[in-house]
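Asker: Sequence unavailable; structure follows:
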């Protein structure tokens, strides 16, 4: 083999150093692979027109750095990289670091890997997933996005791949402010900021406002991703029971009197997991309480664009006359989650505070993602897309409803949701939750158990079934598999028991 | 105007409720804009074929919700949304929330808005920016990316816009593991995770391992974005002086003995801001110390691909035989920052811990961004791109060097960097830093003052000048403007003083 080494005889750098440098660069850049044999010193010297001792000195230096290996009779080869990388420093007494002891104890408390485990499933294709709330892949607007990207590269140019402001690019913040009109709460660009999904929005609020030991009032059940954020911040979670009208604000009132939470977290519209919509009266009561006790409300609203029946209610933010509401939402459900774009609408002092938190967390959200969604919304793409997917999800919801009815699982109750992605099913006590999970895995259908949605160790007798990501045919097959797992996990006494009770979400 | 209201006479829902629901939805969705006048009751009743009292009841309901306004003689109109949104709840005694009092005190301590302010500049086009380290916009591979996206949409499909694993998509983690070979430290996919830029990588490490009061050893000066993360985590910063060979590991040793930091943070290659490269000997000494004192090393390496002269040194990670190094890097400098894609290479227990932190921070990084960069790297695009930009940046560095030489600013010293994006200049004491900044603003040239790079209130007599983002012509003009600001900010005694001293980075 011929080595591509340039030698500069006019340089003040000794020739052997020029050679060793060139070889080092080739080795470290991967140009010379591990195990590759180098030419014998004599031949390389000839090729380069230098003395053999020059090459010898260069090889010797690289050997001393661990980059080359030489064995008698086997010549000189590029040394292995991994583990024994370039003369790895080996202090004889250096043990492995005890990483677990080094970790922050408060971080360890919030260590439930549920979100991570769920996201790992996105790369598996073998089971029917009724677990994670994924948008229907069939309807993602790939072609439109690609065309918008072409326009952006031509019109805006390189700026769409560069750094951008922490709060988001200005045109997109304006678009989002106008988009808030669909929630009855249009606002100006400075009252909006872009986040890397609504998960980050919730985390930023926790970072900016929660200290270890603070209490947060949450619906019981509530979104486990938010519960995990609050736990990671060291907060105490106070569960407020909810019914078909949403959070029981009468119970919240007594809790506010006794416990003085620092924040009230609510998902008023198509709640995750329960699917209910908080009534207008309770929305007003919630705000009354927030004003009276001077507690901010964090309104999480990823699903309100996905209503299949009935008319929209104003968001809690729309009803707020005193700037007590921090509103967060996301394009992860209505559009697609892969660009990680969400937003916060809040009073300006809150936006300022949250931007200061975000700057050191990830500088800013994807510039390209913001430009893409901004154009898509401005061109009316979101409205068109929502019309398509609302019809599709309504069919999927109905398919799951029919399948659940057809299976007539004894003792199982649920409510038909008017929007969102989920059926929240209560199971009879005669079903063993762990057995249900393991049997479902054998049947290759996945769902979410109820426990992670509660702040206490309850909810074992609930499951959340998502209907958004699978076709009606797959949903029917998935529910059939679920029914088989259910039967196998039921104790004898329950077989042929009560008929199923089906509620219907109240129409508002 | 004709209102598009569908009435279902077979429904059990009263007609007035059907009408009010339809109107509410139109208003909240923005279909009926603020101030728009609705048809008089009589006419709408006629259009819909219902009694006038039915329309009256529907309008009355919407008025009570604050969605409609009616004034005698002016008809019925859609009510204004902002502030007085749908019958905003107004508790008479409700004051504005004292958001500043509600904020977490430790967050307030780390409140320097520098990163945010710098990123805001990305939307301004009026000045010559020598401040933020932006890749050259002229060389961003827009066309290649667009073509790769087309391939991905055709071959991979909707999955590129869906959720993906917290640690990153598997093919990209494999690519990154191989890419680590260019750092002399190839590794397997489970030893790598994707982050939303290296800023997030540093923040995740702080979240997982630092508690308030913990000490972190950093170079003095060091990257202010990292200092801000450590401050936000409540850590104490211990500055270790650095010279042209990088961190003074002899001084680190005595610091380790006295202060027991929880982490050593280093930018060994083309350090930001100082531009130096830590020598091989010090890299080994650093690891020896890390082993002896059992302290993890956080190696931040965004610039090593951007070497314009001399040969590469192995990364600290490559020299680490005992898994003490957490390595972070990013595509924000070598490629583009707008997709927010960086990575961490570390022992598996560390990756597991950091993934648990990341799941509740933003679930995962942009799926599309990962696919785009993965293909780009696999197709050899990164290598080609690096060849182009290395040549371009070398020219820009030389242009800045020549411009600085030509201006011959009295008492200013600097070192020619072999790579990276920055000149780090020491100014004479005769220059007033605040005056320099304000004069530079008048001259419409921006740079970074030295203070934010130090953990103590020092560094006033330094500036960082970035040469990456401007063309050679703009660099010359920028340095000319800087020189005018410099002259205006110099006290008389300094005029015509010492000649400038130009060092050269030692060639390794």
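Answerer: Received the coordinates, thanks. All values derive from a computational prediction rather than experimental measurement.
Asker: What count of nearby residues applies to the closest residue to residue A:279 other than its chain neighbours?
Answerer: Leaving aside its sequence neighbours, residue A:279 sits nearest to residue A:245 (C-beta to C-beta, 6 or more residues apart in numbering or on different chains; 4.3 Å). (Each C-beta comes from the backbone N, C-alpha and C, glycine too.) Close neighbours of residue A:245, defined as other C-beta atoms under 10 Å in any protein chain shown, add up to 16.
Asker: what domains does the record give for chain A?
Answerer: Here the domain parsing of chain A from automatic domain parsing is A:1-94, A:139-383, A:388-504.
Asker: Any chance of those domains in TSV with distance to residue B:187 and mean pLDDT as columns?
Answerer: Below are these laid out as TSV (distance: least, C-beta to C-beta, whole Å; pLDDT from 0 to 100):
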stretch	distance to residue B:187	mean pLDDT
domain A:1-94	7	75
domain A:139-383	24	96
domain A:388-504	31	89
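Asker: near chain B at all, stretch A:211-227?
Answerer: Yes. Using C-beta under 8 Å from any C-beta of the partner chain, stretch A:211-227 reaches chain B at A:211, A:225.
Asker: Now do the buried residues in that stretch.
Answerer: A:214-227 (16 or more other C-beta atoms under 10 Å in any protein chain shown).
Asker: For chain B, state which of those is nearest.
Answerer: residue A:225 (6.6 Å; C-beta to the nearest C-beta).
Asker: thinking again about what came up before, want to throw the buried residues of stretch A:211-227 into a markdown table with distance to residue B:291?
Answerer: Output for the buried residues of stretch A:211-227, formatted as a markdown table (distance: C-beta to C-beta, whole Å):
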| residue | distance to residue B:291 |
| --- | --- |
| A:214 | 40 |
| A:215 | 44 |
| A:216 | 42 |
| A:217 | 48 |
| A:218 | 45 |
| A:219 | 50 |
| A:220 | 49 |
| A:221 | 48 |
| A:222 | 46 |
| A:223 | 44 |
| A:224 | 40 |
| A:225 | 39 |
| A:226 | 41 |
| A:227 | 40 |
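Asker: In the residues you listed, find the pair that's most separated.
Answerer: A:214 and A:221 (21.1 Å; C-beta to C-beta).
Asker: Now do the helices in the stretch 51-200 of chain A.
Answerer: A:52-64, A:99-102, A:105-109, A:114-120, A:142-155, A:170-179, A:197-209 (DSSP state H, counting those that start in this stretch).
Asker: Can I get those in TSV including mean neighbour count?
Answerer: As requested, the helices of the stretch 51-200 of chain A are exported to TSV (neighbours: other C-beta atoms under 10 Å in any protein chain shown):
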stretch	mean neighbour count
helix A:52-64	18
helix A:99-102	14
helix A:105-109	13
helix A:114-120	19
helix A:142-155	16
helix A:170-179	21
helix A:197-209	27
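Asker: most tightly surrounded among the domains of chain A?
Answerer: Each of these was given a mean neighbour count from mean count of other C-beta atoms under 10 Å in any protein chain shown, and the largest, a mean of 22, is that of domain A:139-383.
Asker: Next, report how far it is displaced from the centre of its chain.
Answerer: 14 Å (C-alpha atoms, centre = their mean, to the nearest Å).
Asker: Equivalent analysis for stretch A:60-70, please.
Answerer: Offset of stretch A:60-70 from its chain centre (C-alpha atoms, centre = their mean): 46 Å.
Asker: Pull up the distance across that stretch, start to finish.
Answerer: 9 Å (C-alpha to C-alpha, to the nearest Å).
Asker: cool, stretch A:3-10 as well?
Answerer: Across stretch A:3-10, first to last residue, C-alpha to C-alpha, it's 21 Å.
Asker: try stretch A:255-271
Answerer: 21 Å.
Asker: next one: stretch A:258-277
Answerer: Start-to-end, stretch A:258-277 (C-alpha to C-alpha) is 26 Å.
Asker: Let me know whether that stretch sits next to chain B.
Answerer: Yes. Using C-beta under 8 Å from any C-beta, stretch A:258-277 reaches chain B at residue A:262.
Asker: Would you agree residue A:463 is in contact with residue A:449?
Answerer: Yes. Counting by C-beta atoms under 8 Å, residue A:463 does reach residue A:449; the two are 6.1 Å apart.
Asker: Turn the helices of the stretch 51-200 of chain A into TSV, columns for distance to chain B.
Answerer: Formatted as TSV, the helices of the stretch 51-200 of chain A follow (distance: least, C-beta to the nearest C-beta, whole Å):
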stretch	distance to chain B
helix A:52-64	10
helix A:99-102	4
helix A:105-109	5
helix A:114-120	4
helix A:142-155	4
helix A:170-179	6
helix A:197-209	4
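Asker: Throw those helices into JSON lines and include distance to residue B:292, thanks.
Answerer: Formatted as JSON lines, the helices of the stretch 51-200 of chain A follow (distance: least, C-beta to C-beta, whole Å):
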{"stretch": "helix A:52-64", "distance to residue B:292": "23"}
{"stretch": "helix A:99-102", "distance to residue B:292": "16"}
{"stretch": "helix A:105-109", "distance to residue B:292": "25"}
{"stretch": "helix A:114-120", "distance to residue B:292": "34"}
{"stretch": "helix A:142-155", "distance to residue B:292": "52"}
{"stretch": "helix A:170-179", "distance to residue B:292": "51"}
{"stretch": "helix A:197-209", "distance to residue B:292": "35"}
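Asker: Out of the ones you listed, which gets nearest to residue A:13?
Answerer: helix A:52-64 (11.9 Å).
Asker: Run through who's touching the closest one.
Answerer: A:15-17, A:19-20, A:23-24, A:27, A:38, A:41-42, A:44-45, A:48, A:68-70, A:76, A:87 (C-beta atoms under 8 Å, 6 or more residues apart in numbering or on different chains).
Asker: repeat that with 7 Å
Answerer: Under the criterion C-beta atoms under 7 Å, 6 or more residues apart in numbering or on different chains, residues A:15-16, A:19-20, A:23-24, A:41-42, A:44-45, A:68, A:70, A:76 lie in contact with helix A:52-64.
Asker: now swap in stretch A:421-437 and tell me
Answerer: If you take C-beta under 7 Å, 6+ apart as the criterion, stretch A:421-437 is touched by A:133, A:272-275, A:303, A:333, A:400, A:404, A:410-414, A:417, A:449, A:460-468, A:485-486, A:489-491, A:493-494.
Asker: Please repeat the previous calculation with a cut-off of 6 Å.
Answerer: A:133, A:273-275, A:400, A:411-414, A:460-466, A:468, A:485, A:489-491, A:493-494 (C-beta atoms under 6 Å, 6 or more residues apart in numbering or on different chains).
Asker: swap in stretch A:147-164?
Answerer: So stretch A:147-164 is contacted by A:364, A:367-368, A:371-372, A:375, B:119, B:122, B:134, B:137, B:140, B:142, B:146, B:336-338 (C-beta under 6 Å, 6+ apart).
Asker: check contacts around the most centrally placed residue in chain A.
Answerer: Centroid-nearest residue in chain A, with C-alpha atoms, centre = their mean: residue A:199, separated by 6.3 Å. Applying C-beta under 6 Å, 6+ apart, we find residue A:199 in contact with A:225, B:362-363.
Asker: Can you tell me which of those residues is nearest residue A:5?
Answerer: residue B:362 (46.1 Å).
Asker: Just list the residues touching the closest one, thanks.
Answerer: Counting by C-beta under 6 Å, 6+ apart, residue B:362 has contacts A:196-197, A:199-200.
Asker: quick revisit: how about the domains of chain A in JSON lines, adding distance to residue B:296?
Answerer: Converted to JSON lines, the domains of chain A look like this (distance: least, C-beta to C-beta, whole Å):
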{"stretch": "domain A:1-94", "distance to residue B:296": "12"}
{"stretch": "domain A:139-383", "distance to residue B:296": "20"}
{"stretch": "domain A:388-504", "distance to residue B:296": "31"}
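Asker: do you know which of those domains lies nearest residue B:175?
Answerer: Of all these, domain A:1-94 comes closest under C-beta to C-beta, at 12.9 Å.
Asker: Tell me the gap between that closest one and the middle of its chain.
Answerer: 46 Å.
Asker: List phi and psi for residue A:328.
Answerer: phi -130, psi 140 (degrees, to the nearest 10).
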